[in-house]
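>>> okay, predicted coordinates and the sequence, questions at the end:
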Amino acid sequence: AQSVAQPEDQVNVAEGNPLTVKCTYSVSGNPYLFWYVQYPNRGLQFLLKYITGDNLVKGSYGFEAEFNKSQTSFHLKKPSALVSDSALYFCAVRGYSGAGSYQLTFGKGTKLSVIP
Amino acid sequence: NAGVTQTPKFQVLKTGQSMTLQCAQDMNHEYMSWYRQDPGMGLRLIHYSVGAGITDQGEVPNGYNVSRSTTEDFPLRLLSAAPSQTSVYFCASSYSDPQGHGNTIYFGEGSWLTVV
């Protein structure tokens, strides 16, 4: 069965410092990988995705993520954190689940707090 | 530009009551789905639909019913509410099955349901 792990429930970073939110996955076949952000009392918003091609993917609001096949990771990064980046971040992976079908699985989420 | 619209945003139910969460999208998306979000559990797929007249079960379908009579609407029915169904519910849509093609999923703002 496929899975997504976000090993940190919470990440704290000072404003202006670089941030990383970690994600590792386990799937059959080639993965499609996604990052979503959820602000308080709101729905999830799409940030970026990796389907194929360049391992470094750039997304909304200055975020980027690097696909590392050997480490089965897709960490979310931003060079300089803003207080407004404080939110809940979800990693998701699509993988082959057998019999010609695919499954999309979300991680449990990581709460990012950017401290002024 | 409404996107995915969910109603109601907040609801309190008594155990055993039934209710319907409404979801509508104006993007002519084929694929619609319902997720529930619980603390520490991430998002779990309840039911999904790949087009009008077609629905299928997700990871946690028990206690819920869906129908898809039009492309735009995908209501979620709680047949006999239980405290275990206290959760935040998200409706989502995409151009086609995101599990098969990696298409971006668009989420509604969420419905907070409490069953007492």
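Ah, there it is.

>>> next, count neighbours for the closest residue to A:I115 other than its chain neighbours.
In this structure, A:I115 finds its nearest non-sequential neighbour in A:A14, 5.3 Å apart by Cβ to Cβ, 6 or more residues apart in numbering or on different chains. The way it works is simple: take the backbone N, C-alpha and C, and place the C-beta from them, glycine included. Look at A:A14: counted by other Cβ atoms under 10 Å in any protein chain shown, it has 10 neighbours.

>>> next up, phi/psi of A:A14, please.
Main-chain dihedrals, A:A14, degrees, to the nearest 10: phi -80, psi 140.

>>> that one against A:D85, yeah?
No: with contact defined as Cβ atoms under 8 Å, A:A14 does not count as touching A:D85 (11.8 Å).

>>> which neighbours do the two share?
A:V114 (Cβ atoms under 8 Å, 6 or more residues apart in numbering or on different chains).

>>> can you name the residues of chain A sitting close to chain B?
A:4, A:9, A:32, A:34, A:36, A:41-46, A:49, A:51, A:90, A:94, A:101-104, A:106-109 (Cβ under 8 Å from any Cβ of the partner chain).

>>> beta partners of B:V88?
Beta-bridge partners for B:V88, by DSSP bridges, are B:Q37, B:W112.

>>> for burial, what's the neighbour tally of B:L21?
B:L21 - counted by other Cβ under 10 Å - has 22 other residues nearby.

>>> hang on, it in a strand?
Yes: read with DSSP: H, G, I helix; E, B strand; the rest coil, B:L21 is one of the residues of a strand.

>>> got a list of what the nearest residue to it once chain neighbours are set aside touches?
For B:L21, ignoring the flanking residues on the chain, the nearest one in space by Cβ to Cβ, 6+ apart is B:L76 at 4.4 Å. Residues counted as contacts of B:L76 (Cβ under 8 Å, 6+ apart) are B:T20, B:L21, B:C23, B:W34, B:I46, B:H47, B:Y64, B:N65, B:V66, B:Y89, B:C91.

>>> what do you get if the cut-off is 10 Å, keeping everything else the same?
With contact taken as Cβ atoms under 10 Å, 6 or more residues apart in numbering or on different chains, B:L76 is in contact with B:6, B:19-23, B:33-34, B:36, B:46-47, B:64-67, B:89, B:91, B:111.

>>> that one and A:G62: what is the separation?
35 Å (Cβ to Cβ, to the nearest Å).

>>> please apply the same query to B:V88.
Relative to A:G62, and taking Cβ to Cβ, B:V88 is found at 28 Å.

>>> those two: which is more packed in?
B:V88 (17 against 13).

>>> please report how far B:P75 lies from A:V37.
On the measure of Cβ to Cβ, B:P75 and A:V37 end up 27 Å apart.

>>> strands along chain B, start to end?
B:4-7, B:10-13, B:19-25, B:31-38, B:42-51, B:54-57, B:64-66, B:76-78, B:87-94, B:106-107, B:111-115 (DSSP state E).

>>> export those strands as TSV, with columns for mean pLDDT and distance to A:L76.
Converted to TSV, the strands of chain B look like this (pLDDT from 0 to 100; distance: least, Cβ to Cβ, whole Å):
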stretch	mean pLDDT	distance to A:L76
strand B:4-7	95	23
strand B:10-13	96	30
strand B:19-25	97	27
strand B:31-38	93	19
strand B:42-51	90	15
strand B:54-57	91	31
strand B:64-66	97	31
strand B:76-78	97	30
strand B:87-94	94	20
strand B:106-107	91	18
strand B:111-115	96	27
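
>>> and A:T20, which of those is closest to it?
strand B:42-51 (19.4 Å; Cβ to Cβ).
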